[in-house]
Each structure stands twice: as structure tokens, then as C-alpha cells.
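Chemist: Sequence first, then the predicted structure:
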Amino acid sequence: MAESKKKNILPPDVKRIGLRLKQIRKAKGFTNSDDYSYEFQLNRSQYGKYEAGSEDLRISSLIKILGKINVTLSQFFNDDYDRL
């Protein structure tokens, strides 16, 4: 009898944070996350997972990403975030 895998269910805000990251990327004129990751020296694979909302994101990782893209926490969690 095979053991069933338990799916790791992430909180809805993880997906929303990913959508906000994607929104900021597009506002900076980047159509894909690979070019964006290379430009801002982010781990391409990991960043893509964060943006997709498929990987849990530590607050320290978010702060590092925002620092590299020159966005403050208050700019990130603004009205645009609330509308997502």
C-alpha cells in the first residue's frame, strides 16, 4: 500500500506576494523573470518560484529581494498589494 503524499498548502498571501513581485517586475519593464533575475542578481530558479507563489518566502528573503530591486517594504505592501 503506497503512502499518500501530503501536499504542502501555502497561505493565500504567499501567492499574493508572488503576484506583487510580478507586478513590480512588469512595471520595471521586464517581460520575463529570467532577465529580471539576471539584471538584479537574484537566483533565477528560486525567484521564479517566489513569483509563481509556489514556494514559501521568508521575510528575510523578501527584504533581500526588495533591497536589490530598490523597493521598500512600505512600497511593496501598499494599496497595489491590497488590490491583488
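Modeler: Structure received.

Chemist: what's around Asp34, how many residues?
Modeler: The local packing count at Asp34 equals 13, with neighbours defined by other C-beta atoms under 10 Å. Every residue, glycine included, has its C-beta placed from N, CA and C.

Chemist: Could you find the closest non-adjacent residue to it?
Modeler: Excluding its sequence neighbours, the residue lying closest to Asp34 (C-beta to C-beta, 6 or more residues apart in numbering) is Arg44, at 5.6 Å.

Chemist: any idea how far the one you found is from Ile9?
Modeler: 26 Å (C-beta to C-beta, to the nearest Å).

Chemist: try Thr31
Modeler: Taken as C-beta to C-beta, the spacing of Thr31 relative to Ile9 amounts to 30 Å.

Chemist: swap in Leu84?
Modeler: 19 Å.

Chemist: hang on, the earlier thing: Arg44 and Ile9: which is more packed in?
Modeler: For Arg44 versus Ile9, neighbours defined as other C-beta under 10 Å are more numerous around Arg44 (13 against 7).

Chemist: Now for the more buried one: which residues touch it?
Modeler: Taking C-beta atoms under 8 Å, 6 or more residues apart in numbering as the criterion, Arg44 is in contact with 33-34, 37-38.
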